[in-house]
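Peer 1: Sharing a model that was predicted from the sequence below.
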Amino acid sequence: MKFLDFPDNKRLPVLMDLVSDLSKAVDPSEVLRAFGLGWSKLAGSSGYISLSCRGLEPGEYRITRMLEIGDIQKNRGEALWQPSGDKPIYAGGLLGKIVTRGKPVVVQDLDVKDDPVLGDSIAGYCSLTATPLFDGGKILNWSINLSQDPAVHTEKELEDVLLRSNLVGGTVRHVQTAKKLREVHQRVKDEVEKIANIQRALLPEKLPDIPGVSIAARYHTYDEAGGDMYSFHPLGTGLSHTIKKPDGRWAIFIGDVSGHGPAAAVVMAMVESMLASYPMTPDTTGQVLDYVNKHLCSKRIYSTFVTAFHALYDPATRTLTYSRAGHPPSLWRKPCGKGTDADESDDVDVTELDAVGGLPLGIMPEETYEDATIQLEPGQTLTLYTDGIPETRSPDGTFFGTEGIINALRACSGEAECAVDTVMEHVRKHEAGGRPQDDQTLVVMKVNR
């Protein structure tokens with residue numbers, strides 16, 4: 001085996017620099033500059049003309065660029081590529097003959113004076129190669145290399161020029177497409193961030209001060225914007241247009257739009273608006289879900305639905321009335337040892353609030369939702385969550401599951417912050433560094449008195 005390095009080949013280093021510069025180009029002008037400088041070293045060209053025939057009649061053309069190699073060397077920061085739509089349309093002259101031929105051409109002993117289009121602008125050049133550039137199988141552009149040597153351009157090199165010019169033309173198009181895609185991506189990213197900011201503004205700015213209760217929450221979106229939401233409203237002041245005297249009860253809501261991302265965030269904003277527009281102080285949670293479901297179905301947002309858990313809590317009696325619309329049952333943590341704040345897992349009972357349930361919102365307009373009531377006691381904890389938490393996967397694909405949440409609740413002290421921290425710590429450990437596949441929302445409420 002023998003490796004040949006060709007140390008005397010002067011063209012290989014130039015080609016290496018050329019293809020390296022082309023691979024780094026992020027703008028069409030950078031492609032043209034790299035190619036122009038490299039090609040001048042390889043072929044001795046000292047001038048360049050590019051033509052566009054896009055959208056023109058046969059024989060017509062636009063001159064999109066006329067450059068000397070010195071211009072390319074000087075204009076490092078100046079755009080060498082510009083759209084051709086605002087350039088004048090020409091026909092005739094030397095360039096018209098080249099375009100009309102429709103084939104690669106070498107011109108030696110070039111003598112162009114008083115050209116009807118070019119005038120004397122290329123009078124100092126003595127030879128040229130003109131190569132058609134194809135796009136979609138059609139000749140839409142031309143590349144013309146000029147030299148002051150009368151015989152530097154030959155038929156022998158025409159094949160290479162044709163191939164190289166078309167490859168560079170393709171590179172220019174690809175780089176321009178990539179640039180447009182980056183610009184579009186940035187615009188989309190900016191809009192998504194605006195949607196995300198609006199959605200985050202719908203979340204509680206701070207957790208409420210409910211008498212006898214401590215609350216903690218965590219909210220993580222899969223993408224910039226998410227479809228999860230939670231809210232607290234004092235009844236009589238937040239759910240109706242007619243402001244009434246607060247009756248002491250609180251409306252608690254957690255919801256999850258199918259899917260995730262900007263579309264889900266928009267739907268969840270609609271649900272928040274529907275909740276806020278409920279026309280009276282509700283007697284039951286089922287009434288509110290009935291109302292939101294009918295309005296959401298009327299919007300004809302096909303293939304999209306919302307799961308929800310809605311509850312009314314009365315601090316005076318410590319009663320919680322709740323309804324579910326396809327949402328995971330909330331978890332009721334009850335210390336059952338000698339003290340109300342027992343933190344040993346064997347002294348803790350965790351129950352799913354699944355006595356009632358119904359279809360997710362937005363599927364069947366005639367669906368009605370029942371409610372159930374439980375009696376909370378000091379030391380007990382209520383945990384609300386979206387399915388992004390139990391559906392968290394480990395690297396081997398195992399779900400975290402409701403059992404994972406229950407185990408975390410058994411391992412914590414029962415305090416709201418401890419419960420949230422422990423559950424999320426267990427979730428992250430289960431993920432083992434993997435990326436969550438859905439939005440994750442967790443709300444914990446502990447009754448202190």
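Peer 2: Here it is on my side, so go on. Numbering: from 1, shown residues only.
Peer 1: Correct me if wrong: residue 329 contacts residue 372.
Peer 2: No: the pair residue 329 and residue 372 does not pass the contact test of CB atoms under 8 Å, sitting 10.8 Å apart. Bear in mind the C-beta positions are built from the backbone N, C-alpha and C, glycine included.
Peer 1: shared neighbours of the two, anything?
Peer 2: Common contacts of residue 329 and residue 372 (CB atoms under 8 Å, 6 or more residues apart in numbering): residue 353.
Peer 1: Which pLDDT value belongs to the residue lying closest to residue 103 once chain neighbours are set aside?
Peer 2: Nearest non-adjacent residue to residue 103, counting by CB to CB, 6 or more residues apart in numbering: residue 132, 7.2 Å away. At residue 132, the model reports a pLDDT of 90.
Peer 1: How is residue 132 assigned, secondary-structure-wise?
Peer 2: Assigned by DSSP: H, G, I helix; E, B strand; the rest coil, the conformation of residue 132 is strand.
Peer 1: any chance you could map the helices in this protein?
Peer 2: For the chain, applying DSSP state H gives helices covering 11-24, 28-43, 69-74, 93-101, 158-202, 262-276, 285-298, 401-411, 416-431.
Peer 1: And those: which comes nearest residue 361?
Peer 2: helix 285-298 (4.6 Å; CB to CB).
Peer 1: The closest one - what's its average pLDDT?
Peer 2: Averaged over helix 285-298, pLDDT sits at 94.
Peer 1: Which positions in that helix come out as buried?
Peer 2: 285-297 (16 or more other CB atoms under 10 Å).
Peer 1: of the residues you listed, closest to residue 419?
Peer 2: residue 285 (22.9 Å).
Peer 1: Not counting its neighbours along the chain, what's nearest that closest one?
Peer 2: Distances taken as CB to CB, 6+ apart put residue 323 closest to residue 285, at 4.0 Å, once the chain neighbours are dropped.
Peer 1: Any idea what the one you found is bridged to?
Peer 2: Residue 323 forms beta bridges with residue 310, as assigned by DSSP bridges.
Peer 1: Quick check, it in contact with residue 367.
Peer 2: No: at 11.3 Å, residue 323 does not count as touching residue 367 under the criterion of CB under 8 Å.
Peer 1: what residues are shared contacts of the two?
Peer 2: With contacts defined as CB under 8 Å, 6+ apart, the residues shared by residue 323 and residue 367 are residue 358.
Peer 1: Neighbour count: these two, which is higher?
Peer 2: For residue 323 versus residue 367, neighbours defined as other CB atoms under 10 Å are more numerous around residue 323 (25 against 18).
Peer 1: ok, back up a step: got a list of what the residue nearest to residue 285 touches?
Peer 2: 284-286, 288-289, 309-311, 356, 358, 369-372.
Peer 1: Also residue 191?
Peer 2: residue 262.
Peer 1: What residue spans form the domains of this structure?
Peer 2: When the chain is parsed with automatic domain parsing, its domains come out as 11-180, 203-447.
Peer 1: Residue 263 and residue 425: what is the separation?
Peer 2: Per CB to CB, to the nearest Å, residue 263 is found 31 Å from residue 425.
Peer 1: ok, those two, which is more surrounded?
Peer 2: residue 263 (16 against 13).
Peer 1: What pLDDT does the model give that one?
Peer 2: pLDDT, read off for residue 263, is 82.
Peer 1: who's in contact with it?
Peer 2: The contact partners of residue 263, by CB under 8 Å, 6+ apart, come to 227, 304.
Peer 1: And for the one 4 residues further on?
Peer 2: The neighbours of residue 267, taking CB under 8 Å, 6+ apart as the test, are 227, 257, 301, 304, 306.
Peer 1: Report how many residues lie close to the nearest residue to the second one once chain neighbours are set aside.
Peer 2: So that's residue 257. In space, and not counting its chain neighbours, residue 257 is closest to residue 227: 3.2 Å by CB to CB, 6+ apart. Burial of residue 227 is recorded as 31 neighbouring residues (other CB under 10 Å).
Peer 1: Now do the phi/psi pair for residue 227.
Peer 2: Phi and psi for residue 227, reported as degrees, to the nearest 10, are phi -110, psi 10.
Peer 1: these two touch, right, it and residue 269?
Peer 2: No: with contact defined as CB under 8 Å, residue 227 does not reach residue 269; the gap is 9.9 Å.
Peer 1: lowest confidence element among the helices and strands of the protein?
Peer 2: Lowest by mean pLDDT, DSSP states H and E among the helices and strands of the chain is helix 69-74, with a mean of 54.
Peer 1: show me what contacts the residue lying closest to residue 252 once chain neighbours are set aside?
Peer 2: Distances taken as CB to CB, 6+ apart place residue 311 nearest to residue 252, at 4.5 Å, with adjacent residues excluded. The contact partners of residue 311, by CB under 8 Å, 6+ apart, come to 251-253, 285, 320-323, 330.
Peer 1: For residue 311, give its distance to residue 255.
Peer 2: Taken as CB to CB, the span from residue 311 to residue 255 is 12 Å.
Peer 1: Could you do residue 138 as well?
Peer 2: In terms of CB to CB, residue 138 sits 54 Å off from residue 255.
Peer 1: residues in contact with the closest residue to residue 293 other than its chain neighbours?
Peer 2: Nearest residue to residue 293, sequence neighbours excluded (CB to CB, 6+ apart): residue 361, at 4.6 Å. By CB under 8 Å, 6+ apart, residue 361 lies in contact with 255, 271, 289, 292-293, 296, 305-308, 325-326.
Peer 1: For residue 361, list each beta-bridge partner.
Peer 2: Beta-bridge partners, per DSSP bridges, of residue 361: residue 306.
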